[in-house]
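Student: Sequence and computational prediction follow.
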Amino acid sequence: MPSFACELRIKGQLSSEWVEWFAGFELIELASGDTLLRSLLSDQAALHGILMRIQVLNLDLLALHISEMSLESEVDSVK
């Protein structure tokens, strides 16, 4: 099953208590004070699910980036 890399930038820093709400996502605290959620998603339904969760939790979504590349490939291209 094809997957795609997904990065969502959330306003503010999410504490470790949020990890269970975003299982499967890496939570990265940015110097700007925002949080980056990173994961590989299996399909569009998974993306819609995480967007719905962000809405239900009343979090501010600042940016969404989707790539057909794996997360590892993106990291390698930055080096």
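Tutor: Looks like it arrived, so ask away.
Student: From now on I want contacts and neighbour counts done on CA atoms only, so please keep to that.
Tutor: Will do.
Student: Run through this structure and note the low-pLDDT ranges.
Tutor: Residue ranges of the chain with pLDDT under 70: 1-2, 69-79.
Student: What segments of it are helices?
Tutor: In the chain, the helices defined using DSSP state H lie at 44-56, 71-78.
Student: Nearest residue to the middle of the protein?
Tutor: By C-alpha atoms, centre = their mean, the chain has its centre lying nearest to Leu37, at 2.8 Å.
Student: wait, doesn't that residue sit right on Glu7?
Tutor: Yes: with contact defined as C-alpha atoms under 8 Å, Leu37 reaches Glu7; the gap is 5.5 Å.
Student: Tell me the bridge partners for the residue nearest to the centre of the chain.
Tutor: As for beta bridges, Leu37 partners with Leu8, Leu27 under DSSP bridges.
Student: Look up how far Asn58 lies from it.
Tutor: Noted for Leu37: a distance of 16 Å to Asn58, by C-alpha to C-alpha, to the nearest Å.
Student: ok, now Leu30?
Tutor: Here the criterion is C-alpha to C-alpha. By it, Leu30 lies 20 Å from Asn58.
Student: Compare neighbour counts for the two and give me the winner.
Tutor: Just comparing Leu30 and Asn58: by other C-alpha atoms under 10 Å the higher neighbour count belongs to Leu30, 13 against 9.
Student: tally of neighbours for the spatially closest residue to the more buried one that is not a sequence neighbour?
Tutor: Nearest residue to Leu30, sequence neighbours excluded (C-alpha to C-alpha, 6 or more residues apart in numbering): Leu36, at 6.9 Å. Residues lying near Leu36 (other C-alpha under 10 Å) number 22.
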